[in-house]
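Trainee: here are the coordinates; sequence isn't available:
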Ligand code: HEM
């Protein structure tokens, strides 16, 4: 089976590739060009995500290609201990316990702890867009990638002054691990990754040295460890921050982009969001299923595994095609139809499954719900420009739009309900 994630149709219409793989009578495939086993069926992806004894995480954050020696010597300086997505037992149960204790991961906790941050940052960005009335904006840099980064920096207690370099380091990490950079670029990105890690170490060490931990996420995690290395080491706290700064924004940026793309691709959908904020959670859930922002995720077999009658040898890297699993007709009726009312939406695997299930799922959902609700209320006439050439950055894991150009129109002329202002009042309650 051939899969070229860096060229051609996968960059414009990945669902057509998932369909081809799902329709193939062989249930599991080896992609020789990539050196990865492709796991696409819902039941298999779900099992591989949950069965951490067989499908381990040790290589989840390791580049998918053979890195050039110069870049490898830089990467070798990276001494960040695995704490989250790359951690296996016995470390992961301990660090996961720390994450669950320190990071709000249920709707109620997220609302209580991060709700005000999310609303403040959404309003700040929506106001900037409103000020561009009549103009053309690109919703990717001006909204989708900006909001989650600002939110996660606020949560962690990282100064706004560092936004630009954190964005550049995080983008670089995603390109270095799951992209296809040439050797010179590999060296540059690897150096960025090491600088990023040193930055996180300094961020945490300064708090420890000053004796003032602070009341943000980093402070809370230092308080949780309470000086006890058997709970978490200081370096592990830095490693968690290092992971959250990437996981916490690149993913949610993708969700916002896909949700806005779906919502704005029909004026009727945007109007529904503006007039019926209660419908937004279901809309967001379906956007997550239909176009997950992480549509491929890596595991490595710790021992021989059997899936769908196919034997995968030990030590094999597997690409779990979450995007395909979310379109598996064995689980989802009419899987290629975008339907915010579908009853089976909860079976999606967009946030993973099992012991590594995304710790930020509730935060991501809240961000997307508040963002869509407030944006639609403030700019009911927002519309995509007619000449959309939708394409995604070349990457096996992150499905990120290049651009999403739109026209700002704060009034939808044909829509009296919106113009009357009743919508804004409802939306404010969201
Ligand atoms: C739409 C947004 C998001 C998507 C699609 C997403 C997706 C995922 C996926 C697929 C995994 C791997 C799960 C597995 O292996 O079973 C994961 C893990 C993780 N996510 Fe998210 N994520 C999102 C937002 C966030 C946010 C906002 C944060 C934090 C601020 C976050 C933090 C993490 C962490 C720390 C892990 C590793 C958990 C562990 O290994 O125990 N994610 N996420």
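Mentor: Yep, it's here. Because the structure is predicted, anything quoted here is derived from the model rather than measured.

Trainee: now the strands for the protein?
Mentor: Taking DSSP state E as the criterion, the chain carries its strands at 28-31, 36-39, 55-56, 136-138, 297-301, 305-307, 310-312, 317-320, 383-384, 405-407.

Trainee: Mind checking these for the one nearest to residue 361?
Mentor: strand 297-301 (14.2 Å; C-beta to C-beta). Glycine gets a C-beta too; all of them are placed from N, C-alpha and C.

Trainee: on that earlier part again, make TSV from the strands of the chain and add mean neighbour count, mean pLDDT and distance to the ligand to it.
Mentor: Formatted as TSV, the strands of the chain follow (neighbours: other C-beta atoms under 10 Å; pLDDT from 0 to 100; distance: least, C-beta to the nearest ligand atom, whole Å):
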stretch	mean neighbour count	mean pLDDT	distance to the ligand
strand 28-31	19	96	18
strand 36-39	24	98	13
strand 55-56	22	98	9
strand 136-138	15	98	20
strand 297-301	22	98	5
strand 305-307	18	97	16
strand 310-312	15	97	17
strand 317-320	24	98	8
strand 383-384	18	96	21
strand 405-407	19	97	21
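
Trainee: Including distance to residue 342, could these go into CSV?
Mentor: Below are these laid out as CSV (distance: least, C-beta to C-beta, whole Å):
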stretch, distance to residue 342
strand 28-31, 27
strand 36-39, 23
strand 55-56, 28
strand 136-138, 31
strand 297-301, 23
strand 305-307, 26
strand 310-312, 30
strand 317-320, 22
strand 383-384, 24
strand 405-407, 27
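
Trainee: closest one to residue 355 among the ones you listed?
Mentor: Nearest to residue 355, of the strands of the chain and by C-beta to C-beta, is strand 55-56 at 11.1 Å.

Trainee: Remind me what that closest one packs against, helices and strands.
Mentor: strand 297-301 (3 or more C-beta pairs under 8 Å, 6 or more residues apart in numbering; DSSP states H and E).

Trainee: give me phi/psi at whatever residue of the stretch 51-200 of the chain ends up closest to the ligand?
Mentor: The ligand sits closest to residue 84 of the stretch 51-200 of the chain, with a gap of 3.8 Å, by C-beta to the nearest ligand atom. Backbone geometry at residue 84, expressed as degrees, to the nearest 10, gives phi -120, psi -100.

Trainee: what sits against the residue lying closest to it once chain neighbours are set aside?
Mentor: Spatial nearest neighbour of residue 84, chain neighbours left out: residue 243 (4.5 Å); criterion: C-beta to C-beta, 6 or more residues apart in numbering. The contact partners of residue 243, by C-beta atoms under 8 Å, 6 or more residues apart in numbering, come to 83-85.

Trainee: Return the residues in contact with the most centrally placed residue in the chain.
Mentor: Centrality entry for the chain: nearest residue to the mean C-alpha point is residue 251, 1.5 Å, by C-alpha atoms, centre = their mean. When contacts are counted by C-beta under 8 Å, 6+ apart, residue 251 is found next to 148, 293-294, 358, 360, 364, 398.

Trainee: which of these lies closest to the ligand?
Mentor: Nearest to the ligand among the contacts of residue 251 is residue 360, at 2.1 Å by C-beta to the nearest ligand atom.

Trainee: And the closest one, how close does it get to residue 54?
Mentor: Plainly put, residue 360 is 26 Å away from residue 54 if you go by C-beta to C-beta, to the nearest Å.

Trainee: quick one on the thing from earlier: can you add neighbour count and give the contacts of residue 251 back as CSV?
Mentor: Listed next are the contacts of residue 251 as CSV, based on neighbours: other C-beta atoms under 10 Å:
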residue, neighbour count
148, 26
293, 26
294, 23
358, 18
360, 25
364, 27
398, 23
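
Trainee: got the contact list for the residue lying closest to residue 220 once chain neighbours are set aside?
Mentor: Closest residue in space to residue 220, ignoring its immediate chain neighbours: residue 102 at 5.1 Å, by C-beta to C-beta, 6+ apart. Residues near residue 102 by C-beta under 8 Å, 6+ apart: 217, 220-221, 224.

Trainee: Residue 142 too?
Mentor: Contacts of residue 142 (C-beta under 8 Å, 6+ apart): 125, 128-129.

Trainee: And residue 270, by the same measure?
Mentor: With C-beta under 8 Å, 6+ apart, residue 270 has these contacts: 263-264, 376, 380, 382-383.

Trainee: Throw together a ChimeraX command that grabs the buried residues out of the residues you listed.
Mentor: Buried members of the contacts of residue 270, defined by 16 or more other C-beta atoms under 10 Å, are picked up in ChimeraX with:
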select :263,264,376,380,382,383
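
Trainee: Pick the one among the contacts of residue 270 closest to the ligand.
Mentor: Distances from the ligand to those, taken by C-beta to the nearest ligand atom, are shortest for residue 263, at 15.2 Å.

Trainee: That closest one and residue 283 touch, don't they?
Mentor: Yes. Between residue 263 and residue 283 there is a contact under C-beta atoms under 8 Å: 6.9 Å.

Trainee: Can you check which residues contact both of these two?
Mentor: 269, 273, 372.

Trainee: Among these, which one has the most neighbours?
Mentor: In terms of neighbours by other C-beta atoms under 10 Å, the shared contacts of residue 263 and residue 283 top out with residue 372 at 27 neighbours.

Trainee: hang on, the earlier thing: mind giving me TSV with the contacts of residue 102 and columns for neighbour count?
Mentor: Below are the contacts of residue 102 laid out as TSV (neighbours: other C-beta under 10 Å):
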residue	neighbour count
217	24
220	18
221	27
224	16
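
Trainee: Reformat those residues as a markdown table; add pLDDT and distance to the ligand.
Mentor: Converted to a markdown table, the contacts of residue 102 look like this (pLDDT from 0 to 100; distance: C-beta to the nearest ligand atom, whole Å):
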| residue | pLDDT | distance to the ligand |
| --- | --- | --- |
| 217 | 97 | 9 |
| 220 | 97 | 14 |
| 221 | 98 | 12 |
| 224 | 97 | 15 |
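
Trainee: taking those one by one, which sit in helices?
Mentor: 217, 220-221, 224 (DSSP state H).

Trainee: between the residues you listed, which is closest to residue 329?
Mentor: residue 217 (40.8 Å).

Trainee: Can you tell me how far the closest one is from residue 96?
Mentor: Residue 217 is 16 Å from residue 96, by C-beta to C-beta.
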